[in-house]
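[1] Return a 3D structure for these sequence lines:
(one chain, ligands or ions: 1)
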Amino acid sequence: MKSLTDTYKLSNGVKIPCIGFGTWQVEDGKEAVNSVKSALEIGYRHIDTAQGYENEGSVGTAVKQSGIDRKEIFITSKLTNTVRGYQQTLDSIEESLNKLQTDYADLFLIHWPNPIGFRQNWEEMNAETWRAFEELYRQNRLRAIGISNFHPHHIAALMKTATVVPMVNQIRLCPGETQDEVVNYSRAQGMLMEAYSPLGVGKIFEVPQMKEVSNKYGKTIAQIAIRWSLQRGYLPLPKSVTYERIKENADVFDFKLEEEDVQLIADLKGCVGYSDDPDKTTW
Ligand SMILES: NC(=O)c1ccc[n+]([C@@H]2O[C@H](COP(=O)([O-])OP(=O)(O)OC[C@H]3O[C@@H](n4cnc5c(N)ncnc54)[C@H](OP(=O)(O)O)[C@@H]3O)[C@@H](O)[C@H]2O)c1
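    Modelled structure (predicted):
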């Protein structure tokens, strides 16, 4: 990868810009509109939102106000945990598209595999939900469809009835957390791995070994983590509401980590904690 607009290719041939701009915990309104507009101005062409972030409207507004052709921007959103089932999913995605002020999304994901409200029958509910995803995919309302936080047993369950294999699995991947089993299983089915919380939700800045690697390359800790993500073949989704950081996080194409440092960072097990068990979440 040589620039922000370089792409990974999904299994259906759709191209996806190699760094996505994260928007979790970015407040709807001024904060979300301004940070997404800053990201687009700096050169990001991929925005990651979700129904649950409650800022899809602001993402849509920022994209409109940027003046950039909609086709040049890759927009991802995610189906929230309180929505499952065929018709409910169709209606809910329609609502997202309205908020996003667009007639298609580039990628839509099932946000979590086993929401608390459907714990009794999550397999059946995901199957029905996926049927709606496939329908919208066939209608070109969604250019690609995928999953998030799915472990192998959730994927295996989904594949019992799926006719389209998810193109993406978005999971927590950051220094010290590589979720090898999930990654290997997902990749074997052709999925691209998207790395959420690539900066450990801000916790990596306290990790001494990250500081050492940062000093060695003369790049910031954030840049080291994002570069690491790319060199592992993940698609990182860094979030910031701070203009200089948004810029800094995109400046990762003028250096390369040595293989031993890529491994060292992978081996910092638990340095920023681990992801939630999707079968035990309380949401
Ligand atoms: N699918 C899922 O379940 C899921 C879960 C979590 C996240 N995600 C996605 O992944 C995205 C990123 O993950 P995340 O939001 O959890 O956290 P993250 O990107 O790992 O870290 C964000 C934190 O790091 C700070 N930061 C960013 N760049 C920095 C820099 N260069 N120097 C110092 N601090 C910096 C930010 O501060 P400021 O904003 O104050 O600058 C913020 O506090 C999310 O926004 C979302 O799109 C998905």
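[2] Pull out the buried positions in stretch 153-161.
    Neighbour counts over stretch 153-161 (16 or more other CB atoms under 10 Å) mark H154, I155, A157, L158 as buried. Any C-beta I mention is one placed from the backbone N, CA and C, and that applies to glycine too.
[3] so how far is M159 from the closest residue to L173 other than its chain neighbours?
    Spatial nearest neighbour of L173, excluding adjacent residues (CB to CB, 6 or more residues apart in numbering): A195 at 3.7 Å. Using CB to CB, to the nearest Å, A195 is found at 23 Å from M159.
[4] circling back to that earlier point, which helix or strand lies directly C-terminal to the helix or strand harbouring the residue nearest to L173?
    For A195, the host element (DSSP states H and E) is strand 192-196. Per DSSP H and E, strand 192-196 leads on to helix 208-217 as the next helix or strand towards the C-terminus.
[5] Quick one: residues in contact with that following helix.
    175, 204, 220-221, 223-225, 255, 257, 261, 264-265, 268, 271 (CB atoms under 8 Å, 6 or more residues apart in numbering).
[6] cool, stretch 255-269 as well?
    For stretch 255-269, contacts defined as CB under 8 Å, 6+ apart pick out 175-178, 207, 209-210, 213, 216-217, 219, 224-225, 227-228, 231-232.
[7] What average pLDDT does that stretch get?
    Mean pLDDT, stretch 255-269: 98.
[8] how far is it from where the chain is centred?
    Relative to its chain's centre, stretch 255-269 lies at 22 Å (CA atoms, centre = their mean, to the nearest Å).
[9] And it, what's buried?
    In stretch 255-269, counting by 16+ other CB under 10 Å, buried: L257, D261, V262, L264, I265, A266, L268.
[10] can you list those in JSON lines and add distance to N184 and secondary structure?
    Putting the buried residues of stretch 255-269 into JSON lines (distance: CB to CB, whole Å; DSSP: H, G, I helix; E, B strand; the rest coil) gives the following:
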{"residue": "L257", "distance to N184": "21", "secondary structure": "coil"}
{"residue": "D261", "distance to N184": "22", "secondary structure": "helix"}
{"residue": "V262", "distance to N184": "17", "secondary structure": "helix"}
{"residue": "L264", "distance to N184": "21", "secondary structure": "helix"}
{"residue": "I265", "distance to N184": "19", "secondary structure": "helix"}
{"residue": "A266", "distance to N184": "14", "secondary structure": "helix"}
{"residue": "L268", "distance to N184": "20", "secondary structure": "coil"}
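[11] returning to what we had before: and of the buried residues of stretch 153-161, the nearest to G29?
    H154 (34.2 Å; CB to CB).
[12] so which strand or helix has the closest one?
    Per DSSP H and E: H154 is located in helix 152-159.
[13] now swap in K37 and tell me
    helix 30-42.
[14] just checking: which of the buried residues of stretch 153-161 also lie near the ligand?
    When contact is defined as CB under 6 Å from any ligand atom, these do not meet the ligand at all.
[15] and of the residues you listed, the nearest to the ligand?
    Using CB to the nearest ligand atom, H154 comes nearest to the ligand of these, at 13.3 Å.
[16] Quick one: residues contacting the closest one.
    Contacts of H154 (CB under 8 Å, 6+ apart): P113, N114, N126, I147, P278.
[17] Which helix or which strand is home to the third one?
    N126 is located in helix 122-138, with elements delineated by DSSP H and E.
[18] got the angle for that helix vs helix 152-159?
    Angle of helix 122-138 versus helix 152-159, following axes from the mean of the first three to the mean of the last three CA atoms, to 10 degrees, is 60 degrees.
[19] which parts of helix 122-138 are buried?
    Buried residues in helix 122-138 (16+ other CB under 10 Å): 122-123, 125-134, 136-137.
[20] Mind checking the pLDDT average for that helix?
    Mean predicted confidence for helix 122-138 is 98.
[21] likewise stretch 91-98?
    Mean pLDDT, computed over stretch 91-98, is 98.
[22] Pull out the buried residues from that stretch.
    Within stretch 91-98, the residues scored as buried using 16+ other CB under 10 Å are S92, I93, S96, L97.
[23] Same check on stretch 98-112?
    K99, L100, T102, Y104, A105, D106, L107, F108, L109, I110, H111, W112.
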